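**Student:** Here is my input; please provide its structure:
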Amino acid sequence: LGDLIASCVTNRISEHSSSIKSSSLPRLGDLIASCVTNRISEHSSSIKSSSLPRSTSDYRLDGIGLDSVTYNGRKTPDAHLAMNGDTARQLPLQLKDPHVSQLIGVFERKILILKNRELELEQLIAKKDDSLRQSERLRALYSNQSNDAEISNLRQLLSDYEKQIDESNAVIKTMGLEKKENEKAYESVKKTVDEKQTEIDSLVEQLAKVNQEKNALIGENNYEREFSTLMKSRYDDLKSKFDQTSLTLIEKDQECSRLGKDISKLKGDLSAKDADIKNLAEQLRKSEEANAETAKEHQADMKRFQEKLDDREAEIERLSRELAKIKFVFEKEFLVSVAMDFHYSLPLVSGLSVRL
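**Tutor:** Predicted coordinates for the structure are as follows:
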């Protein structure tokens, strides 16, 4: 109903908009009231003509329930409660004849539907009365005012609105120019910021490369320092071993020299003994027949000296073997240590060459 009233008022105002300026405002109120009255009468007749064929489902689709209807702030009794009372009174009849009870229930529902429709029409009539009274108040209100003053006020208001529109257009134009200038400045600043950001990104990449090279050089320096420390410790160990071996060789050489001197002395003694033996042999041959005991003693001395000579030669041979063995062991240890140092230093040198 509100939509119908609004559409009617809009149509009548648009139709008579040209005549409002020259006509009086009470005429506008009369038009509104007549339009509202016509629409209400048409809508009431359409409701009366279409009220009978409607079913309970139509009322529920329209948002009006059959259970309870509000009228002037008062709610009607629930249909189910009324039906419960009727059905409770006619329960023995339903038990005797189900067909009759069904017919009675159908008629009761139809009566209830008609009552609900009657209440709805009463509510609608009350609403229409309120609308008519409100339209009458509006018409009385507009009929008591001066038309000329209202028209002049409307014209003044229209001129004020036109001035405001012109001012708003000027402000909009100015703001458009400022917007364009701001957009140009924004584009310039954005371009500058992009260039600076590009430079910053380039500097960050260069800094990352420099830091990477710095870390690589620091790693190589630490590696070389560790390698130098390791080589120095190995050199000190080899030097101490070499010094110890040199001292041992010197001692063995001195011992060999001493043994050589002893051998030379023994050889001299042996030569002297040989000469003595020869002399003794000569003397023995001369005095063999005369002194057999002396010959035997000379032979015993000869044998004793020969045994001593053999012992000395065996000692010299043993010392020579020990000297050769010591030299062999020293050379072997020296070669093994050199090979181990070369084996340990080879990965370090290869790693250093790869880094370089």
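**Student:** Per the annotation, how does this structure divide into domains?
**Tutor:** Taking automatic domain parsing as the domain assignment, the record places the domains of the chain at 2-145, 222-355.
**Student:** what ranges do the helices span in the stretch 151-300 of the chain?
**Tutor:** Counting by DSSP state H, counting those that start in this stretch, the stretch 151-300 of the chain forms helices over residues 292-355, given from the N-terminal end onward.
**Student:** Flag the shaky bits of it, pLDDT-wise.
**Tutor:** In the prediction, the stretch 151-300 of the chain carries residues with pLDDT under 70 at positions 151, 154, 284, 288, 290-295, 298.
**Student:** how close does residue 287 sit to residue 278?
**Tutor:** As for residue 287, its distance to residue 278 is 15 Å (criterion: CB to CB, to the nearest Å). Where you see a C-beta, it was placed from the backbone N, CA and C, and this is true even at glycine.
**Student:** More neighbours: those two, which one.
**Tutor:** A count of neighbours by other CB atoms under 10 Å puts residue 287 above the other of residue 287 and residue 278, at 14 against 11.
**Student:** and that one, how far is that from residue 280?
**Tutor:** When distance is defined by CB to CB, residue 287 is 10 Å away from residue 280.
**Student:** and what of residue 196?
**Tutor:** Summarising the geometry, the distance separating residue 196 from residue 280, computed by CB to CB, is 120 Å.
**Student:** In which helix or strand does residue 137 reside?
**Tutor:** Element membership of residue 137, judged by DSSP states H and E, is helix 98-143.
**Student:** And that helix, what does it pack against?
**Tutor:** The helices and strands touching helix 98-143, judged by 3 or more CB pairs under 8 Å, 6 or more residues apart in numbering; DSSP states H and E, are helix 25-49, helix 56-61, strand 70-71, helix 79-89, helix 91-96.
**Student:** about what we covered before: when residue 196 and residue 280 are compared, which one has more neighbours?
**Tutor:** Applying other CB under 10 Å to residue 196 and residue 280 shows that residue 280 carries more neighbours, namely 19 against 10.
**Student:** how much space between that one and residue 302?
**Tutor:** 8 Å.
**Student:** ok, now residue 266?
**Tutor:** Between residue 266 and residue 302 the distance, using CB to CB, works out to 16 Å.
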